[in-house]
Structure formats: C-alpha cells, structure tokens
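Student: Okay, sequence plus prediction incoming.
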Amino acid sequence: MTDRSDRPYDLVVFGATSFVGEILTRHLVERHGSTGPLAWAIAGRNPAKLADVAERTRAGVEQIVADAGSADDMADLVGKTRAVVSTVGPYATYGSELVAAAASAGTDYCDLTGEPHWMRRMIDEHGETAKASGARIVHACGFDSIPSDLGVWFLQQEAQARFGRPLQRVAMRVRTMKGGPSGGTLASMHNVMDELRADPSLRKVLMNPYSLAPEGMRSGVRQPDVRVPARDELFDQWVAPFVMASVNTKVVHRTNALLDHAYGADFAYDEATLMGPGPAGALKAGGLTAGLGGFMAASAVRPVRDLLTGRVLPAPGEGPSPEEQLAGRFDIRFRGRTDDGRTLASRVTGDRDPGYGSTGKMLGEAAVLLVDPAHRSEGSGGFHTPATALGNHLIDALRDHAGLTFDLDDDV
C-alpha cells in the first residue's frame, strides 16, 4: 500500500467524460480552480474525450488515461491519489475493479451508484480489506441517497436535542422533483433488470430493506412500503410510489445499523411521492402508479427498451441541457414520530435538477471532504454511508456550496 502522504493527487475524478462527470469537473473548477491547494486530476478511458472535457470546463489539471476493466490500471490510479470519485456506471458492469483497488490501497472512494445489489456485493467482498487498509468507501453520494440519508440524520439529531429520544417512525415524501432523465441512470436501471433476470436470487437483496446492513444485522421489524396509491396519515394526503425509495431506504437502514441503532432497533422508514388530498389526489396517485408500472414493464422487455433508447429515452451520455439543469429543483419533506407520540418535521431542498445539476455538486462536496484530514479518524476504514462518513460536515458544505437546504418545517 502506497503511503497516502506520498501520493501526487488529493483527488482524481474517474469518469470525467460521463454526463455527470463533466458537471462534477466543472463544479470542482468553480470551487477549487486548477492550481489551488486541492491537487486533483481527471481520468477516463478515452484521451481525446478527456481533452475535450478539460477544454469545455477549463480544467487545467492532469489527465490520466485508465480503463475501468483493467485491474492494473485501477491499481495504478488509486496508488496516485488520496481519494477517487467515480461516475462510471453502470457500476455493476464498470465499477468493481476500482472499488477493489481502492479498498486494498487505503484510498478513499465515493460514487453516485443507485445499484443496491452491487453495493451489497462490494460490502461483502471488500469490507474487511477496507477496514484493514483504512479506505473509506462511500456509495450513493448523489440524489441517491444524500438527501434521504442526511435528511433523516438531520431530523433525528433535532429529535434527540428536543425530546431526548429518536423518532421511531420517519416518512420521507417528495413534494417537488423537476428534472430530466439521463441515459446513464436508465442504463443502470436496465442493468439491474438484466442481472435479476439472469440471477433471480438477487430479488431477495433488492426486496430486503436491511440488505445493505452489516452481516448479522440484515433483518428487523417489518417496514412500511408504498407500492400502490395510499392515504398517508402523517401527511394527510394521497401518495404514490417513489422510484428511488428501494435504494434510499436501504442506505438509511445501513446508517442506523452502523450507528448501533441510534434511531432505534425498531426504527421504521419509507419514502413516497405526495399527490395531494381528496379525490383529485387519489386520481393523481393512481395515474402515477400506473405510469411507473407501465414504464418498468416496458423497460423489462429488451426489444422494447432498445427501440425506445435514443428515440424516446436518452441514450448513455445524454441528459438534461444546461438550461434544464438550472431550471430544475427538488423539495422533499420528512415527518417523524417518537414512540410516545411527539412529532417533528423537516425539509431538504435543492436548486438544480436532482439527478444531474444537483447530484454533480453533492458528489463534489462529498469527495473533497474525504480528502480533508480533519474528517478522518483512526479505525475509520470500511464501507460507510454519507451520514456515517461525513455527517454534519457534509450538511454544512452542501448548504454553503451546493445549493441545498436542511431546515425544520413548521408547516406540519
């Protein structure tokens, strides 16, 4: 293992030529420049595309050519840097060699994956290696799953301060989410479907809300799960399923497990989309549920999926325009209740489209914090969540530099 202090770079952006990778690179240039105290580089497989991204983003940093499928390339890459941030997905296809190399070399790592079956595999295969080397591996540092994970973390801290106990039940509800789809995200979703078709046993991992918890902690109390239109008693509205809930809930439960059940051994958490009160809300909830079901069914059929990609749906490497990113936003609400009936509510908002403009900034702030020695402690190696790795430091950075807000919500 190369001594971290002897490495030429603080941070390497791997996958800088991807759609989110370019957004991330631009954010780092705006925040840290190319020749400031942060020593960073961009990396990818195609040297011509790297040069193009560097020109478009004005990133006057070193460009490293490396192939995600080469174990030697990944070992060489992580040996040069204290931390690496990856936007190369689908991660189940392109991410495993880099995680293995980072865990072995003691190099901190973060990404924006929303692929729980792959996260589970990386945890099981490399968790002990990362603990031994001191590498902190932090998955899901984008819209999957920073707002959910840190939103619950923020609300639970407020509950402890006010009530002296955690909230036994927390619900997250999407009030507003404006943004366009990306081909990379759709490719990751399609890859999950393909892997599930090839290995039906993965269904247990995908269906278990505790599947990302440490081994021996992968079961617990029955969790609420909004899969059909439902009347929500906490928000007094109709709700519909939220497409990212299956990822976010697993990350939140991993945080609770890593914190020795600081939220409670019987902690319950779910996510859904607010659709409004009354008959109109019920109709909207039914319509959204039917639309999501139809889209998932169509996407599961390979010929239909191939026909839609590039015509109706964006292909990998495509996504919202800069203007659409700026026009996007999100507003998500949390409400919780203690075991003795006291309630607390909060909100998390973002000022860009959630999956790309905002995700690029979230990922950048998480990556830079990993480099800061003030946020590293002895024995901190292993697979973390955003909350357990960076906690309030990341909330502060997101507020100051990424356009996010975390506030208590008095409009209960």
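Tutor: Yep, that arrived. Since this is a predicted model, take the numbers as computed values, not measurements. Numbers count the residues shown, from 1 in each chain.

Student: got any ranges where the stretch 201-350 of the chain has weak pLDDT?
Tutor: 295, 298-302, 304-317 (pLDDT under 70).

Student: What segments of it are strands?
Tutor: With DSSP state E, counting those that start in this stretch as the criterion, the stretch 201-350 of the chain has strands at 230-232, 237-240, 268-276, 329-337, 343-350.

Student: nearest to S86, of those?
Tutor: Ranking the strands of the stretch 201-350 of the chain by their distance to S86 (criterion: Cβ to Cβ) puts strand 343-350 first, at 21.6 Å. Yep, even glycine has a C-beta here, placed from its N, CA and C like the rest.

Student: Contacts for that closest one, please.
Tutor: 143, 147, 150-151, 154-155, 158-159, 162-163, 167, 175, 329-337, 358, 402-412 (Cβ atoms under 8 Å, 6 or more residues apart in numbering).

Student: Tell me which of the strands of the stretch 201-350 of the chain sits most buried.
Tutor: strand 237-240 (a mean of 25; mean count of other Cβ atoms under 10 Å).

Student: Where does Q157 sit, in terms of helix or strand?
Tutor: Using DSSP states H and E, Q157 sits within helix 146-163.

Student: what pLDDT, on average, does that helix get?
Tutor: In this model, helix 146-163 has a mean pLDDT of 98.

Student: by contact count, what packs against the following helix or strand past it?
Tutor: For helix 146-163, the following helix or strand on the C-terminal side (DSSP H and E) is strand 169-178. On a contact count with 3 or more Cβ pairs under 8 Å, 6 or more residues apart in numbering; DSSP states H and E, strand 169-178 meets helix 146-163, strand 268-276, strand 329-337.

Student: would you turn these into a markdown table with distance to T388?
Tutor: Shown next, in a markdown table, are the helices and strands packed on strand 169-178 (distance: least, Cβ to Cβ, whole Å):
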| stretch | distance to T388 |
| --- | --- |
| helix 146-163 | 9 |
| strand 268-276 | 16 |
| strand 329-337 | 18 |
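
Student: And the ones you listed: which comes nearest G382?
Tutor: helix 146-163 (16.3 Å).

Student: how about A41, secondary structure?
Tutor: strand (DSSP: H, G, I helix; E, B strand; the rest coil).

Student: G15 versus the nearest residue to A132 once chain neighbours are set aside, what's the distance?
Tutor: Spatial nearest neighbour of A132, chain neighbours left out: G381 (6.9 Å); criterion: Cβ to Cβ, 6 or more residues apart in numbering. G381 sits 23 Å away from G15, going by Cβ to Cβ, to the nearest Å.

Student: Compare the two (neighbour count), which wins?
Tutor: G15 (29 against 21; other Cβ atoms under 10 Å).

Student: And the helices in the stretch 201-350 of the chain?
Tutor: For the stretch 201-350 of the chain, the helices defined by DSSP state H, counting those that start in this stretch cover 202-207, 245-258, 278-299, 302-308, 322-327.

Student: got a markdown table for these, with mean neighbour count too?
Tutor: Below are the helices of the stretch 201-350 of the chain laid out as a markdown table (neighbours: other Cβ atoms under 10 Å):
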| stretch | mean neighbour count |
| --- | --- |
| helix 202-207 | 14 |
| helix 245-258 | 25 |
| helix 278-299 | 15 |
| helix 302-308 | 12 |
| helix 322-327 | 14 |
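
Student: So for F267, which of those sits nearest?
Tutor: Here helix 245-258 is closest among the helices of the stretch 201-350 of the chain (Cβ to Cβ), at 5.5 Å.
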